[in-house]
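J.: Mind looking at a prediction? Sequence and model below.
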Amino acid sequence: MDKKTIFSGVQPSGILTIGNYLGAIKNWGAFQEECNCIFCVVDQHAITVRQVPADLRRRTYETLAIYIACGIDPEKSTLFVQSHVSGHAELAWALNCFTMYGELSRMTQFKDKSKKNADNINAGLFTYPVLMASDILLYQTDLVPVGQDQMQHIELARDIANRFNTVFSPTFTVPEGFIPKTGARVMSLSEPTKKMSKSDENVNGFVSLLDDKDTIIRKFKRAVTDSDTVVCRGDEKYGINNLMNIYSCFTGKTDEEIVREFEGKGYGDFKLAVGEAVADGLAPIQAEFNKLMADKSYLEAIMKNGADTANRMAQKTLSKVYRKLGFVGRL
Ligand code: ATP
Ligand code: LTN
């Protein structure tokens, strides 16, 4: 049987958080042995919100270095930068014409980001899910490992693929989302009913993969919790539920083990333990990241190689799409 194709990406819109790590990147590596894996730094998505150009450029390198530091092996997976493969934007235009205004209006991320960026509700922010569908469909992707918040976009990508396949003939593989059992939705430390986000203006809400140990421990100590004192889950104990999820992801411990470990102890001890577990878990990633960032030419070689491979795959789908649409092939 043919190998399954896996595609995913993260925007270089900030330093990646433990939410991006637990919800997405940490789960990518497991597919590398058996599947055709493609991981992209989606810089074209990032400009739907204003970026400082120099920061965007630096973060594109950083995001690639983080992928590798988190265990993505450039020898096994294709790693590249979205704007290096023009097929993404080209397919997005075609698929825009197969996506309905009403569908895009229902996207939760669009509604949230419109509220946050009320002075810049641009057309790119609105059609962002079409570019994401193009990223996925361009590679005939079977599986898309993402956090919970992206499932709505994947559903839309499926609808667009099915629509195109029905109007013409089977053209796109209809992709499925893959969500981890724990860590699919890491919440903000300062507002635990909100998703942790790398572009949150309150830096205490997120833990970045590059935060040092003292910062990590300080952020967990300040994490908002409830007025109870017992470390256990509860319907309204959003902060503690979140910390238990994070602790479990970094230590592999079950809920029962965590409850037993902190019996008779308070939230303070628990928060400190979570901070230490996260800092210890991130230390090897940070060491590897620093090594990679010191060798830009290595990162550039990976980008170049990845873009060549991705471009070959992308052109195959794109020419099929153009033919079906009735475009005269380039002479
Ligand atoms: P931004 O704040 O710029 O919107 P973000 O932090 O929400 O960014 P994205 O680049 O949009 O991150 O997401 C990259 C991947 O990380 C996606 O698969 C997404 O589902 C996952 N992800 C993002 N935030 C979380 C979170 N809090 N918990 C779990 N997964 C997450
Ligand atoms: N929209 C995603 C990032 C993203 C993505 C993708 C994820 C862009 N293209 C393709 C998976 C597959 C987000 O996390 N905001």
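T.: Arrived safely. Ligands and ions are numbered 1, 2, ... in the order given.
J.: now the helix-or-strand element of the chain with minimal mean pLDDT: how far from the chain's centre is it?
T.: The weakest-scoring helix or strand in the chain, judged by mean pLDDT, DSSP states H and E, is helix 108-116 (a mean of 93). Computed by CA atoms, centre = their mean, to the nearest Å, the chain-centroid distance of helix 108-116 equals 17 Å.
J.: Spell out the secondary structure type for Ile38.
T.: strand (DSSP: H, G, I helix; E, B strand; the rest coil).
J.: go on, Ser8?
T.: Going by three-state DSSP: Ser8 is strand.
J.: follow-up on the earlier one: which other residues reach the least confident helix or strand of the chain?
T.: For helix 108-116, the surrounding residues in contact (CB atoms under 8 Å, 6 or more residues apart in numbering) are Thr48, Val49, Leu104, Ile121, Leu125, Phe126, Tyr128, Pro129, Asp149, Gln152, His153. For glycine as for every other residue, the C-beta is placed from the backbone atoms N, C-alpha and C.
J.: for stretch 53-70, same thing?
T.: 10, 12-16, 21, 25-26, 28-29, 39, 41, 43, 46-47, 74, 79, 81, 209, 285-286, 288-289, 292-293, 296, 299, 302-303.
J.: Any chance of a PyMOL selection covering the buried ones in those residues?
T.: Here is the PyMOL command that picks out the buried ones among these, judged by 16 or more other CB atoms under 10 Å:
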select buried, resi 10+12+13+14+15+16+21+25+26+28+29+39+41+43+46+47+74+79+81+209+285+286+288+289+292+293+299+302+303
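J.: Return the distance of Leu131 relative to Ser83.
T.: To Ser83, Leu131 is 11 Å away according to CB to CB, to the nearest Å.
J.: intersection of neighbour lists for those two?
T.: Contacts common to Leu131 and Ser83, judged by CB under 8 Å, 6+ apart, are Gln44.
J.: The two: which has the busier surroundings?
T.: Taking other CB atoms under 10 Å, Leu131 and Ser83 do not tie; Leu131 has more neighbours (22 against 17).
J.: Please state the mean pLDDT value computed over stretch 148-168.
T.: Mean pLDDT, stretch 148-168: 97.
J.: Can I get it in CSV, CA atoms only?
T.: Extracted in CSV, the C-alpha atoms of stretch 148-168 (Å, rounded to 0.1, in the frame of the first residue of the first chain):
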residue,chain,number,x,y,z
GLN,A,148,-8.4,21.2,18.5
ASP,A,149,-8.9,24.8,17.3
GLN,A,150,-8.0,23.9,13.7
MET,A,151,-10.7,21.2,13.3
GLN,A,152,-13.2,23.6,11.9
HIS,A,153,-10.7,24.6,9.2
ILE,A,154,-10.1,20.9,8.4
GLU,A,155,-13.8,20.3,8.1
LEU,A,156,-13.9,23.1,5.6
ALA,A,157,-11.0,21.7,3.6
ARG,A,158,-12.9,18.4,3.4
ASP,A,159,-16.0,20.2,2.2
ILE,A,160,-14.0,22.1,-0.5
ALA,A,161,-12.3,18.9,-1.7
ASN,A,162,-15.6,17.1,-1.9
ARG,A,163,-17.2,19.9,-3.8
PHE,A,164,-14.4,20.1,-6.3
ASN,A,165,-14.3,16.3,-6.7
THR,A,166,-18.1,16.3,-7.3
VAL,A,167,-18.2,19.2,-9.8
PHE,A,168,-15.3,17.7,-11.8
